[in-house]
Every structure is written in structure tokens, then in C-alpha cells.
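> requesting a structural model of the entry that follows:
(2 chains)
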Amino acid sequence: MQTAIDVRHVTKKFGERTKHEVTALDDVSVSINDNEFFTLLGPSGCGKTTLLRLIAGFEYSTRGEILLYGDNLVDQPPHKRPINTVFQNYALFPHMTIAENIGFPLKMLGKSEKEISNSVNKNLELVKMREFSHRTPDQLSGGQQQRIALARALAPDPKVLLLDEPLSALDLKLRQQMRSELKTLQRETGITFVFVTHDQVEALTMSDRIAVMSVGRIRQKGGPTDIYEKPANRFVADFIGETNLIEAIVSKIEGKNIFCTINDTITLKGEGETNKNIGDHVTLALRPEKITLYHIDENIEDTFTGYINTTIYIGTDTTYLMTANNNIELTTREPNSIVGQARFKEGDKVNIKVAQGAIRILED
Amino acid sequence: MNQAKREATRRWLGLGPAILLIFIFMIIPLCIISTYSFLESNPYGGVKPHFSFAAYSQFLFELDFDDNVVFNPAYLMIFWRSFVLALATTILCLLIGFPVAYYIALQPPSKRNLLVFLVTIPFWTNLLIRTFSWILILRDSGVVNNILIWTGIIDKPITLLYTNGAILIGLVYTYIPFIVLPIYATVEKLDIRLFEAAHDLYANRRQLMRYIILPLTAPGIIAGGILVFVPSLGAFIAPNLLGGGKKLMLGSLIQLQFASSRNWPFGSAVALLLMAVVLIAMLIYILGPARKTDMGEHAG
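Numbers count the residues shown, from 1 in each chain, chains lettered A, B, ... in the order given. Predicted coordinates:
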């Protein structure tokens, strides 16, 4: 598979050699494949937007280099990079019509009138905004402006499209709709998308691969399933989705299976890419939906008992907060498949079963 | 209803002082001037109460020795010189003022305020005094000539003072803050992210200036241009002091009529003509952009 963007050991410091020096990116390396929907996911201030701006050329790295299909981008200003950006605030030119906005990059590249108008029409069609070509940006809603920003960035047929939290200003319904449209658009155009977001749902639903970032570093790279089901460390497990973090001690190692004991009472089989020894303290991650509850009178193997402390009704699901054995706090969630009420109520004693392979041993 | 009435009363009370001021110091003098322009001059000062178009016809025509009415371009030439000098002043002010305003607007906010403050410093001193100092700078034994002679570039002083160039320098110097401030105000409001977007979309520096920055700062450029052009057209101090009164401009011409020439009607007429030209120019500006958007919407 061809590499579209190769970020090699990039460090970015702001306010260097002043007392306000901030390291936005700390030795970041990542390869983004051709024709891939790649997402940079992380909380605000994690450096994801800085990395995007470095790829676009608005900032220059303190150390390290970025390659585009093998070409070093170091000395290339933004207007010489075949990379376009969809900005968070859309950044449509207020003094131009929609058609002029979309035609702008082509005009700058010196394309003929005919080529420009063909491309404008094609891209308006692509984002289903044909009839808006003569309006001005201030006559459009946020969602419509979003589509125009997308059409404008796609018009010059860039090698890579950068998207800086483009959905964050939209309301929920529109956001959901745009998610699937963006994904479709990426497949249809075959352009490499680099998408920046702090929204884990966006990342999980759209991406081919995700890089989870925090404080200037990439903490884990992988497909949505890997990231969600096999978090490598505490940060990723905690940032993406809900998770039970359980402190345990390694008690037995059998090849890949690592058995961990919690509070000297429950022993669970965990998985993880770690080099742990017997007696080591570890943190286990367990997704709430990987826990199944059974009534105490049901006879199920490999369970342990607990008490329901709190039930929280959230529409589609009910969340149970419970205490298992000796003060192990666990959260679980199950769909409200029965009409009327939740299966358990506060104070119920239950049998708790953990799905096979659901326990992850975190690196730190 | 009561509420609305009270609102209206309050509005008029608020506007009252301003309206009164404008009425006393602008409307009444204008009425006096326009009345005077249609009267005959009194050689001993003031006017004779006889209705006459003489003041207006004097602008273009004169009586020769045989009492024939002949075309006299002298005043038109003054008008033309004023117009050219005002235009040159505006263009020079724009060329110098735009980069300054642009630079200030892109500084961090704390530094911006200081720089704007520096631009306004010349206003602290009386314009007459500042213009007199230009005489000290430009005269044959002035700073510029002394330096040029001292460095050996020239061996005898070149005439700088009492030329059109001197007037131009004086006018540009006087009016440049008036162009820096409105342009600064529009550039400051610009969204810098639009510049990034333009760069991202393949615009180089020149294209960014032409297609994004200039169109978006046009209101400030036009406002500043008017603020410079209009007063330059009727300027009096700089042409009189730095032009030595040899190169008459409209301001000096009007002043002369009320002082030594004792032709108040003609002075009034020239003042009104000047105002008419300015008004027409303003109307073109105000109606211009509106017309353009109308056309744009019809096309769409």
C-alpha cells in the first residue's frame, strides 16, 4: 500500500526559547496511506490541529519532516502543496458567490473559464448544492456552508484533503447525516482524507484508521475496532467510550493468557501486548457492554456475584452501577429490550459474567 | 403607544443638541453663502443687495477691454490644479497609508493600540506650526538641502519650497492619519483565517492581495480616500505656506476673495461649486456599490 503522507519524528514547539515555550508535538511519527480515511482523535490541546496545520503548511516543524508521496514538504508554502483544507469555521470568502468560492482555487491555478465552470458544476453536484451557485455565503445555513467548503476544497482535485473538526459547528442530526456523506464522498473520490476531531463517535464511524493523541504524542494507532476493543493504555481506554478501569495483580501467566487477581478474590483472564511478570500491579480495562448480568438463581458458569447500587435509564439502554465481591466498582449497560422496565433494580444481587477476551491489560 | 411616544421624545431630546449645532454652524452659514453668491460684490467689502449671476459667470468668463464676454480659463486651471493635487495626495496617502495600516492591524493587540496612538500624535500640535516646520525642512538653507550639500550629492541648493511638490508633501503629511485609521479599522476586522484559506487554495501573495485583501478592505480604502481627497481639494494652509501663494489652489482662491479681493459673491460661488463637486463625488460612491449588488442579484 502506498504511503500518502509520512510524518517523520516531527516536533513542534511554540514560543521557543521564551518562558512560554510549549511543545505541541513531541516526536510524532505516523504514516497515512493512499486512499485512506485517517482520523486524528484527541482532546483539545493534544496537538492534532497543529499536526494538521503542519501538513497544510501553515506552520513549520521545529524538528522532523513531512513527506507527501515521497516528496519532502519542508520548503513548500501552502499554495504549492496539492493539499486542501476544510476549515472548522469553513472560511468561505464573504465577498464572492458560491460559484466564485468553488472556482477560486482553479482560478489561482490559472485554469480556463470553461474548466473552472465545469469543475464548479461538478463539485456543486457532488455536494448536492447545484441551485445555490449564485448565492453568497451569508445566505447559507451552517450545514450548507459546510458543503460548499467541502466542494471548494475538492474542486482542485487535491492529493490529500485535510478536515479540521468540520462537523463541530453542526447540530446533531446534521452531523450524523454529514458523517455518512463524508465517508461516501471519500470512497467516491478516492482522495486521502485526514480528519481531525475530538468526537470519538465521528472517529469510530468514519475512519479506516485512527491515531489517538494526547499532550503532543500519538498514544495508539489502529482501526476503529482495535482502538475500541483493544486499547493499549489507560488514556485510550478512558478517552474512547466508557470503560471500567480495574486495578489488579498478575497471578499466573500461561503463554498469551495473563491471569490477574482483583482484591485477592476474583481471577480474570486478560490479554494485552505487555511484558508483565507475576506479582506486577496492572490496570485492566473492561467495556461495560462486555459484562452480562444474570439473575442470582440462574446457573451460569464463570460468574461472580455483585449488588446493583444504581440504575440509570438512558432511553436505549440502562446503565447499572454495581459492587462486585469486595468493593470492586463496575459499570455495565444493557439494551432495554423489554418494554416497561429494566431487568434489575437497585439492591438486587446478580451474577456477573465477563465476555471471553474482553479484559485488556493496559501498558500504563 | 405611550411607550412609543416616550421613546420618540427621548430620541429627539438626545439628538437635539447635535441638530441645533448643525443648524447654527452649518445650515445657516450655508444659506448665507448661497445668498451671497447670487448678489453683487461691494468693492468696500460685503455685498450689494442686487440679484446677479455675475459671481458664477466670473468663474468661466470675463469682460475684455471692449466689454465682450470672453472665456477665461484661469479659474478652471486653479480648479484643475486643485483636483490633480488632491488626487495625487490621495494616491500617495493610499500607497503609504495602506501598508502602515495593514502592518499595525496584524500586530498583537497590545502593540496595536500603541501604534494607533503614535499615528495620532501629529494632531497634538497645531497644523500651522507643523506646516511651518516643513518650510524649515524644505527651504534652500533647510534640513534637506543642507544634508544633500554636506554629503556632496549636490553643490548648490535645489528649490524645494514653493513648488507643487512642496504642496504635495504638505498635503500628504497633513492627511495621512485620515487614511491610516479607516483602513486599519477594516483590516483589523478581517478574518485572518480567510488568508490561510486563500493560501491553502493556491493563491500566492500577490493573488491573496488582489482577490482577498483588497476587495475586503475596499470600504476602508474608499472611506479613507474620501477623507483625504475632499479636504485636500479645498486645503488652504499647505498650499498657501508651502506653495508660497504662487500656485493658487481653491482654498487660497476662496480666501483671497473674502480678504484682499473683496469679492464675497465670487468667493461664495467658488465655495459652493467646490461643495457641489464633492457632493457629486460622494453620491457616485454611495450609489456605486449599491448599483453593483443590484446587478449581481438580477444576474443570479
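> please identify the helix or strand for the residue in the stretch 1-150 of chain A positioned nearest to chain B.
Nearest residue of the stretch 1-150 of chain A to chain B: A:His134, at 3.1 Å (C-beta to the nearest C-beta). Every residue, glycine included, has its C-beta placed from N, CA and C. Of the helices and strands defined by DSSP states H and E, none includes A:His134.
> that one contacts A:Asn101, correct?
No. A:His134 lies out of contact with A:Asn101 (C-beta atoms under 8 Å); the separation is 11.5 Å.
> looking at the two, which one has more neighbours?
Set A:His134 next to A:Asn101 and count neighbours by other C-beta atoms under 10 Å in any protein chain shown: A:Asn101 wins out with 27 against 14.
> secondary structure class for the residue lying farthest from the centre of chain A?
Going by C-alpha atoms, centre = their mean, the residue of chain A most distant from its centre is A:Asp297, 41.5 Å out. Under DSSP: H, G, I helix; E, B strand; the rest coil, the three-state class of A:Asp297 is coil.
> and the gap between it and B:Phe61?
Taking C-beta to C-beta, to the nearest Å as the measure, A:Asp297 falls 120 Å from B:Phe61.
> can you tell me the strand partners of the helix or strand containing B:Glu62 and which way each runs?
In this structure, B:Glu62 sits in strand B:61-63 according to DSSP H and E. Partner strands for strand B:61-63, per DSSP bridges, with pairing direction: strand B:69-71 (antiparallel).
> following the strand it pairs with, which helix or strand shows up next?
Later in the chain than strand B:69-71, the nearest helix or strand by DSSP H and E is helix B:74-105.
> check which helices and strands the helix or strand harbouring B:Ile183 sits against.
In the assignment (DSSP H and E), B:Ile183 maps to helix B:164-189. Helices and strands touching helix B:164-189, by 3 or more C-beta pairs under 8 Å, 6 or more residues apart in numbering or on different chains; DSSP states H and E, are helix B:74-105, helix B:109-120, helix B:127-138, helix B:214-233, helix B:237-242.
> make JSON lines out of these and add mean pLDDT and distance to chain A.
Formatted as JSON lines, the helices and strands packed on helix B:164-189 follow (pLDDT from 0 to 100; distance: least, C-beta to the nearest C-beta, whole Å):
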{"stretch": "helix B:74-105", "mean pLDDT": "93", "distance to chain A": "17"}
{"stretch": "helix B:109-120", "mean pLDDT": "91", "distance to chain A": "15"}
{"stretch": "helix B:127-138", "mean pLDDT": "90", "distance to chain A": "37"}
{"stretch": "helix B:214-233", "mean pLDDT": "91", "distance to chain A": "5"}
{"stretch": "helix B:237-242", "mean pLDDT": "86", "distance to chain A": "36"}
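> list of residues touching the helix ranked longest in chain A?
Criterion DSSP state H: the longest helix present in chain A is helix A:172-189. With C-beta atoms under 8 Å, 6 or more residues apart in numbering or on different chains as the test, helix A:172-189 has contacts from A:37, A:126-127, A:142-143, A:146, A:150, A:154, A:163, A:166-167, A:170, A:193, A:195, A:202, A:205-206.
> can you tell me which of those are buried?
Using 16 or more other C-beta atoms under 10 Å in any protein chain shown as the burial test, the contacts of helix A:172-189 include A:37, A:126-127, A:143, A:146, A:150, A:154, A:163, A:166-167, A:170, A:193, A:195, A:202, A:206 as buried.
> where does pLDDT dip in the stretch 251-364 of chain A?
Low-confidence segments of the stretch 251-364 of chain A, defined by pLDDT under 70, span residues A:274, A:326.
> hang on, isn't A:Phe132 packed against A:Leu140?
Yes. Assessed by C-beta under 8 Å, A:Phe132 is found in contact with A:Leu140 at 6.7 Å.
> now do the shared contacts for those two.
A:Ile98, A:Ile148.
> measure A:Leu67 to A:Phe193 for me?
Where A:Phe193 is concerned, A:Leu67 sits at a distance of 18 Å (C-beta to C-beta).
> now swap in A:Asn257 and tell me
38 Å.
> out of the helices and strands packed on helix B:164-189, which is closest to B:Ile254?
B:Ile254 lies closest to helix B:74-105 among those, at 10.2 Å (C-beta to C-beta).
> where along the stretch 201-350 of chain A do the strands fall?
With strands called from DSSP state E, counting those that start in this stretch, the stretch 201-350 of chain A shows them at A:209-214, A:217-222, A:244-254, A:257-262, A:266-270, A:281-286, A:291-295, A:304-313, A:317-324, A:328-335, A:349-354.
> for B:Gln207, find the nearest of those strands.
Proximity to B:Gln207, assessed across those by C-beta to C-beta, is greatest for strand A:209-214 (34.1 Å).
> for chain B, give me the ranges with low pLDDT.
Applying pLDDT under 70 to chain B picks out residues B:1, B:245, B:288-300.
> what do you get for the stretch 51-200 of chain A?
Counting by pLDDT under 70, the stretch 51-200 of chain A contains no low-confidence segment.
> show me the helices in it, by range?
A:98-108, A:113-126, A:142-154, A:172-189, A:200-206 (DSSP state H, counting those that start in this stretch).
> who touches the last one?
Looking back up the chat, that one is helix A:200-206. Identification of contacts with helix A:200-206 by C-beta under 8 Å, 6+ apart yields A:37, A:39, A:41, A:167, A:175, A:179, A:182-183, A:186, A:195, A:197, A:210, A:224, A:227-228, A:239-241.
> tell me the centre residue of the chain?
Assuming you mean chain A. In chain A, the centroid-proximal residue (C-alpha atoms, centre = their mean) is A:Ala203; its distance is 3.2 Å.
> nope, chain B please
Centroid check for chain B by C-alpha atoms, centre = their mean gives B:Pro231 as the closest residue, at 2.6 Å.
> any idea how far the residue nearest to A:His95 when sequence neighbours are not counted is from B:Tyr285?
In space, and not counting its chain neighbours, A:His95 is closest to B:Pro215: 4.9 Å by C-beta to C-beta, 6 or more residues apart in numbering or on different chains. As judged by C-beta to C-beta, B:Pro215 and B:Tyr285 stand 16 Å apart.
> and A:Ile338, by the same measure?
From A:Ile338 to B:Tyr285 the distance is 74 Å (C-beta to C-beta).
> who has more neighbours out of the two?
A count of neighbours by other C-beta under 10 Å puts B:Tyr285 above the other of A:Ile338 and B:Tyr285, at 13 against 8.
> quick check: residues of chain A near chain B?
Residues of chain A lying close to chain B (C-beta under 8 Å from any C-beta of the partner chain) are A:56-58, A:77-80, A:83-85, A:87, A:89, A:91, A:93-95, A:97, A:104-105, A:107-109, A:134-135, A:152-153, A:156.
> buried subset of the residues you listed?
If you count burial by 16+ other C-beta under 10 Å, the buried members of the residues of chain A next to chain B come out as A:56-58, A:78-79, A:83-85, A:87, A:89, A:91, A:93, A:97, A:104-105, A:107-108, A:135, A:152-153, A:156.
> what strand or helix carries the residue of the stretch 51-200 of chain B found nearest chain A?
Among the residues of the stretch 51-200 of chain B, B:Ala197 lies closest to chain A, at 3.8 Å counting by C-beta to the nearest C-beta. Using DSSP H and E, B:Ala197 falls within helix B:192-200.
> and the angle from that helix to helix A:142-154?
For helix B:192-200 against helix A:142-154, the angle by axes from the mean of the first three to the mean of the last three C-alpha atoms, to 10 degrees is 30 degrees.
> flag every buried residue along helix B:192-200.
By neighbour count with 16+ other C-beta under 10 Å, helix B:192-200 contains the buried residues B:Leu194, B:Phe195, B:Glu196, B:Ala197, B:Ala198, B:His199, B:Asp200.
> same thing with stretch A:166-186?
Per 16+ other C-beta under 10 Å, stretch A:166-186 contains these buried residues: A:Pro166, A:Leu167, A:Leu170, A:Leu174, A:Arg175, A:Met178, A:Arg179, A:Leu182, A:Lys183, A:Leu185, A:Gln186.
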